[in-house]
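>>> structure for the following, please:
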Amino acid sequence: MALRTCARVLYRGSIHGLRLSPKASSVLTSPSLVRGHRLGPADDELYQRTTVTVMQKEQHSEAVIYSYSPQGFNIDGNRVIGPCAVIPPAILQWNVGSFTDITIESLALFYMLEPRIEMLVLGTGGRVERIDAEALAFLRKKGIAVEVQDTANACATFNFLSSERRIVAAGLIPPPISTALE
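This is a model prediction of the structure:
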């Protein structure tokens with residue numbers, strides 16, 4: 001849809017006098033180039049996978065979670081506010097509010113990566129919480145082992161597995177004030 005709109009705008013000449021030829025316009029608005037449906041978690045096999053590549057000077061650097069608080073985390077000296085996803089060498093903010101928001105859709109960033117992670121460590125806050133069984137079964141079906149722990153233990157487990165050079169990722173929710181350590 002956006003591609004068609006872009007082609008129409010350019011064809012009408014409203015952007016800096018640029019115009020597309022009728023032939024180029026018909027190619028850009030071809031139905032084969034416009035997707036009319038929304039992708040879901042099961043569609044990841046149909047399209048190209050996401051690959052994270054980072055050029056680093058240190059060949060064997062691993063992420064280390066130094067501390068956590070109710071506000072967020074200190075990971076490799078980077079202050080991350082709120083829930084985060086640690087996929088070495090990347091640190092991303094994770095759009096979950098609590099353990100109830102951990103679903104197949106919110107876990108998509110972990111199972112769509114290439115090379116595939118071996119283990120996902122989930123930190124659910126101040127205590128161990130039950131995660132949606134369908135989401136856990138889906139990850140296991142994708143070949144990813146899942147460890148669900150309170151955030152304090154999840155940080156320690158992630159650090160340990162990372163130090164062993166395992167291909168591990170973490171999804172972490174900050175603990176409440178009563179259990180925080182910084």
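>>> can you give me the strands for the chain?
50-51, 65-68, 72-75, 78-81, 84-87, 90-93, 113-114, 119-123, 145-149, 168-172 (DSSP state E).
>>> for those strands, which one ends up most surrounded?
Among the strands of the chain, ranked by average contacts under mean count of other CB atoms under 10 Å, first place goes to strand 168-172 (a mean of 27). All C-beta spots, glycine's among them, are computed from the backbone N, C-alpha and C.
>>> quick one: average pLDDT of it?
In this model, strand 168-172 has an average pLDDT of 95.
>>> and that strand with strand 145-149, angle?
Calculated by axes from the mean of the first three to the mean of the last three CA atoms, to 10 degrees, strand 168-172 forms an angle of 30 degrees with strand 145-149.
>>> counting by contacts, list what strand 168-172 packs against.
Here strand 168-172 touches strand 65-68, strand 84-87, strand 119-123, helix 151-163, going by 3 or more CB pairs under 8 Å, 6 or more residues apart in numbering; DSSP states H and E.
>>> pop the domain breakdown of this protein in here.
Taking automatic domain parsing as the reference, the chain has its domains at 2-37, 62-179.
>>> could you tell me the least trusted of the ones you listed?
Mean pLDDT is lowest for domain 2-37 among those, at a mean of 41.
>>> of all the helices and strands packed on strand 168-172, which one is nearest K141?
Closest to K141 of the helices and strands packed on strand 168-172, according to CB to CB: strand 119-123, at 13.2 Å.
>>> run through who's touching the closest one.
102, 107, 110, 131, 139, 144-155, 157-158, 161, 166-173 (CB atoms under 8 Å, 6 or more residues apart in numbering).
>>> what pairs with that strand, parallel or antiparallel?
In the sheet, strand 119-123 lines up against strand 145-149 (parallel), strand 168-172 (parallel) (DSSP bridges).
>>> follow-up on the earlier one: pick the most buried one from the domains of the chain.
domain 62-179 (a mean of 17).
>>> so which of the strands of the chain is nearest A135?
strand 145-149 (8.8 Å).
>>> with distance to A135 added, can I get the strands of the chain in JSON lines?
Shown next, in JSON lines, are those (distance: least, CB to CB, whole Å):
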{"stretch": "strand 50-51", "distance to A135": "19"}
{"stretch": "strand 65-68", "distance to A135": "23"}
{"stretch": "strand 72-75", "distance to A135": "22"}
{"stretch": "strand 78-81", "distance to A135": "23"}
{"stretch": "strand 84-87", "distance to A135": "15"}
{"stretch": "strand 90-93", "distance to A135": "18"}
{"stretch": "strand 113-114", "distance to A135": "17"}
{"stretch": "strand 119-123", "distance to A135": "10"}
{"stretch": "strand 145-149", "distance to A135": "9"}
{"stretch": "strand 168-172", "distance to A135": "11"}
